[in-house]
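# structural data only, the sequence is not supplied:
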């Protein structure tokens, strides 16, 4: 299976499965001399950590990161940065009945047709558990671009037919309001409606799509190249 690496100059490769022993990431291309601590990574993993509200998966994971390589005395060395997060709340028993049932929301059938085998334990790498490695890698990327004065903030713009209308333009206020919402929506009124919608659909055994918006503040002019390596591409 290919396609587990993202990036060109700064590359991350995530690894691990939903019910495996651990998940993690290897970063290649992080320059030497960047101050980096476990806390820089942990604060982002804590924001992602499941079981913190009624609107996310109720799987309880500590998601405590261990930095295995690439950092010496709080400074990156320029060698690959490897990080691991152990899976602790793993119970594959409820998935036994799904060994021979394809769940359309987890690409089970596609995996089986392509590889001739699939990981039925929570979806394997098709599980949202895989995003732990992305978040850990992204935490390093955020720390790196912050040295250039760039700040990235993501939030929920819409959920179903409900759309956030009052979105702060100031990045500090935008981040503050986003963090105050259990669904990461910076519009308090829209957030309440979204929360009600999620609970209503959960009772019905249904789901709904939405739009996530990501804003980058302080991006320097001239980033990227004119055609295929521009920001939109």
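Perfect, thanks for sending it. If you're wondering where the values come from, they're calculated on a predicted model, not measured in any experiment.
# use CA for all of it now, contacts and neighbours both
Will do.
# ok, and what's touching the one helix or strand in the chain whose mean pLDDT sits lowest?
Ranked by mean pLDDT, DSSP states H and E, the weakest helix or strand in the chain is helix 108-115, scoring a mean of 90. Here helix 108-115 makes contact (CA atoms under 8 Å, 6 or more residues apart in numbering) with 102, 103, 117, 118, 120, 123.
# list only buried entries from these.
Using 16 or more other CA atoms under 10 Å as the burial test, these include 102, 118, 120, 123 as buried.
# where's the first one, which helix or strand?
I take that to be residue 102. In the assignment (DSSP states H and E), residue 102 maps to no helix and no strand.
# what's the neighbour count on the nearest residue to residue 103 once chain neighbours are set aside?
Leaving out its chain neighbours, the residue that sits closest to residue 103 by CA to CA, 6 or more residues apart in numbering is residue 109, at 7.4 Å. Close neighbours of residue 109, defined as other CA atoms under 10 Å, add up to 16.
# quick one: residue 109 from residue 77, how far?
43 Å (CA to CA, to the nearest Å).
# helices of this protein, start to end?
With helices called from DSSP state H, the chain shows them at 38-48, 108-115, 131-146, 171-180, 188-204.
# and the second one, what's buried?
Of the residues in helix 108-115, 108, 109, 111 count as buried by neighbour count, 16+ other CA under 10 Å.
# OK, contacts around the closest residue to residue 16 other than its chain neighbours?
Spatial nearest neighbour of residue 16, excluding adjacent residues (CA to CA, 6+ apart): residue 23 at 4.3 Å. Residue 23 makes contact with 14, 15, 16, 17, 84, 85, 86, 87, 129, 130, 132, 133, according to CA under 8 Å, 6+ apart.
# ok, of the residues you listed, which one's closest to residue 184?
residue 132 (17.5 Å; CA to CA).
# distance of residue 28 from residue 22?
In terms of CA to CA, residue 28 sits 20 Å off from residue 22.
# ugh, wrong one, I meant residue 200
From residue 200 to residue 22 the distance is 34 Å (CA to CA).
# what about those two, which has more around it?
Counted by other CA under 10 Å, residue 200 and residue 22 do not tie: residue 22 has more neighbours, with 16 against 13.
# related to what we said a few turns ago, residue 216 is nearest to which of the helices of the chain?
That would be, of these and by CA to CA, helix 171-180, which comes in at 9.2 Å.
# what comes up buried for that closest one?
Buried, per 16+ other CA under 10 Å, within helix 171-180: 174, 175, 177, 178.
# what about residue 72, distance to residue 224?
In terms of CA to CA, residue 72 sits 31 Å off from residue 224.
# since we're on the closest residue to residue 201 other than its chain neighbours, how many residues are nearby?
The shortest distance from residue 201 to any non-neighbouring residue, by CA to CA, 6+ apart, is to residue 207 (5.9 Å). Other residues near residue 207 come to 12 when the count uses other CA under 10 Å.
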